[in-house]
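Enquirer: For reference, the sequence and a predicted model appear below.
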Amino acid sequence: MKPNIALFASLLTACVAAADPTQVQIGDGQINGMSIAPYDLTWSQCTASDGVWTASSDLSERVVVIGDAILRVSQASQNAQGSSRSAAYLDRNSLSPLRFERHMQPPEGAPRTSIEHILTADGYSAIMRQGDLMREKQGLIGSNMYDGASLGLALSRLSFDQNAYEFQSSMIGMEATYSTIATLAGRETVQQGEHTLDVLLVDVEWHHNELGDIYPPGPNASGGRYWIVQTPPEGVPYVLRYQTDTYVVEFEPEICPGLIGATE
């Protein structure tokens, strides 16, 4: 992913802060997933410590449409600690999360762990299995919050006719909910293989509702930046990259080193 021509300079943070973000609620029509096309693609991942980037396992993601009404977003990765497969079932129209599944297989024959969450507007019920053990759990995270793990898809459906939007999101595996602010930080044209792409640079600020922590926006901060393609050609994802100060997942490796010779 190589920048070519900057269409707009980055917006001044002070100007954005002066205006209140536009509020977004699931189902209010500002985000509609009906135009999301199925794909099956792979991204590189890496983490940083003391400014040094270290490669980790690739992340594959597949999106399929089920019965015109449901999007299934499946992710898989594998490393020396085992393999992980997850699936998020989202209402295709609103991108409201309906169900999550995750399966983790440790190495050396250890028992597999699986977790299933079923969400309603009032909260969730979960079943967790590890080998022959099973337990159930309930929680308050519901279907009225966007899934933080697939947030790039929701951001790709925003018009960004406003500079900033605020909405509720969650990371159900961490029992965490957030007030999330997405700000258009700029636009650029990049060359991706034979394709010239219009890319939105979207900075995200996360306010942890339970802990009160704030994760500032931008690629060099803990909140991060998304590189968004709203209408990608076949073989190109909606999210080219997500980057924070310590983590990167990217479709075309630029920041992440190759796995050869790297320590996972």
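Expert: Here it is on my side, so go on. Numbers count the residues shown, from 1 in each chain.
Enquirer: and after the helix or strand bottoming out on mean pLDDT in the chain, which helix or strand comes next?
Expert: When the helices and strands of the chain are scored by mean pLDDT, DSSP states H and E, helix 13-18 comes last with a mean of 42. Proceeding C-terminally, helix 13-18 gives way to strand 22-23 as the next helix or strand, assigned by DSSP states H and E.
Enquirer: Identify the neighbouring strands of that next one in the sheet and state each direction.
Expert: strand 164-171 (parallel) (DSSP bridges).
Enquirer: Would you confirm that A55 contacts V248?
Expert: No - with contact defined as C-beta atoms under 8 Å, A55 and V248 do not form a contacting pair (9.9 Å). C-beta: built from backbone N, CA, C; applies to glycine.
Enquirer: Give me the more crowded residue out of the two.
Expert: A side-by-side neighbour count of A55 and V248, using other C-beta atoms under 10 Å, places V248 first with 24 against 20.
Enquirer: Show me the helices in the chain, by range?
Expert: 13-18, 151-156 (DSSP state H).
Enquirer: What is the longest strand of this protein by residue count?
Expert: Secondary structure of the chain read by DSSP state E shows that its longest strand is strand 176-192.
Enquirer: Which elements pack onto that strand?
Expert: In terms of contacts (3 or more C-beta pairs under 8 Å, 6 or more residues apart in numbering; DSSP states H and E), strand 176-192 is packed against strand 2-8, strand 164-171, strand 195-208.
Enquirer: which residue packs closest to G258, ignoring adjacent ones?
Expert: Sequence neighbours aside, A55 is the residue nearest to G258 in space, at 6.4 Å (criterion: C-beta to C-beta, 6 or more residues apart in numbering).
Enquirer: That neighbour pairs with what?
Expert: Note on A55: beta-bridge partners C46, judged by DSSP bridges.
Enquirer: Return the distance of it relative to G109.
Expert: Spatial separation of A55 from G109 under the definition C-beta to C-beta, to the nearest Å is 27 Å.
Enquirer: what's the answer for A76, then?
Expert: The gap separating A76 from G109 is 20 Å, by C-beta to C-beta.
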